[in-house]
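Undergrad: have a look at this prediction, sequence included:
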Amino acid sequence: MSETYPVPDLPPGGIHRAEETIKRSRFIVTMARAASPEAAHAFVERIRAEHPQATHNCWAFNAGAPGSTAQVGASDDGEPKGTAGRPMLTALLHSGVGEIVAVVTRYFGGTLLGTGGLVRAYQGSVKLGLEGLPVREREVLVRYVISMDTAYDGSFQNLARELGCEVLTADYRWDASYEILVPEAAAGKLEAELARLTSGEALIDRQEEEAN
């Protein structure tokens, strides 16, 4: 069974943002969901383009499960080595949230913070963003292609509603054929109930899994 875990609850392209001022420097943290390193890097470039005059756009991401280091990245973006990207990544890895990217944009206010101050500022900005970040459970869906006699259509529709399935397509030209998405936790019950309802006549073709 594929793993489920908390992820940012944001619409496609949506962001979550928070800001604080530390010794006259503005620190703006912008977060989003990133299910792959490519998505994370694209988001970083998006924020760079939004803040081209910023002193720094430091970033970190974990594109996998909470705490996993298999798909991570970080950058100090010109700040002293180890004072921004790594502290930000540490905060993300300990957040309990997966598939997340954060960019901390700094507009320098004229006062140097020192190495320790920078670490606290960048890590603190990520923690500030995490405090108000909406999250939800990552859902794994299984795609099925199903065919059965049209006599079973009503029973199938009731079962699909009961199990929280999404019917993507329905075709009644020869028999009742559907393409559906099923929550992974309900996949076994779907197969068993369809076999029972149709006395084993339904053709059930399990396709690929996809995360939502």
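TA: Perfect, I can see it now.
Undergrad: and the closest residue to residue 191 other than its chain neighbours, which of the three is it?
TA: Distance criterion Cβ to Cβ, 6 or more residues apart in numbering; nearest residue to residue 191, sequence neighbours excluded, is residue 204 at 5.7 Å. Glycine gets a C-beta too; all of them are placed from N, C-alpha and C. Going by DSSP: H, G, I helix; E, B strand; the rest coil, the secondary structure assigned to residue 204 is strand.
Undergrad: quick one, what contacts residue 204?
TA: Taking Cβ atoms under 8 Å, 6 or more residues apart in numbering, we find residue 204 in contact with 144, 146, 191, 194, 195.
Undergrad: do residue 14 as well
TA: If a contact means Cβ under 8 Å, 6+ apart, then residue 14 has residue 32 as its contacts.
Undergrad: in what helix or strand does it lie?
TA: Under the criterion DSSP states H and E, no helix or strand holds residue 14.
Undergrad: let's see the pLDDT reported for it.
TA: Looking at residue 14, its pLDDT reads 96.
Undergrad: which phi and psi does it have?
TA: Phi and psi for residue 14, reported as degrees, to the nearest 10, are phi -80, psi 160.
Undergrad: which residues of this protein fall in helices?
TA: In the chain, helices defined by DSSP state H lie at 37-50, 85-93, 114-131, 153-163, 184-197, listed in chain order.
Undergrad: among those, which is nearest residue 62?
TA: Of all the helices of the chain, helix 85-93 sits nearest to residue 62, with 5.0 Å by Cβ to Cβ.
Undergrad: so which elements touch the closest one?
TA: When contacts are defined as 3 or more Cβ pairs under 8 Å, 6 or more residues apart in numbering; DSSP states H and E, helix 85-93 packs onto strand 56-62, strand 72-75, strand 100-107, helix 114-131.
Undergrad: hmm, who's touching the last one?
TA: In other words, helix 114-131. With contacts defined as Cβ under 8 Å, 6+ apart, helix 114-131 is touched by 16-18, 20, 22-23, 25, 27-31, 58, 60, 79-80, 82-85, 87-88, 90-92, 95, 97, 102, 104, 106, 113.
Undergrad: could you do the second one as well?
TA: Applying Cβ under 8 Å, 6+ apart, the set of residues contacting strand 72-75 from outside is 37, 40-41, 44, 58-64, 84-86, 88-89, 93.
Undergrad: filter those down to the buried ones.
TA: Buried subset of the contacts of strand 72-75 (neighbour count, 16 or more other Cβ atoms under 10 Å): 37, 40-41, 44, 58-64, 84-86, 88-89, 93.
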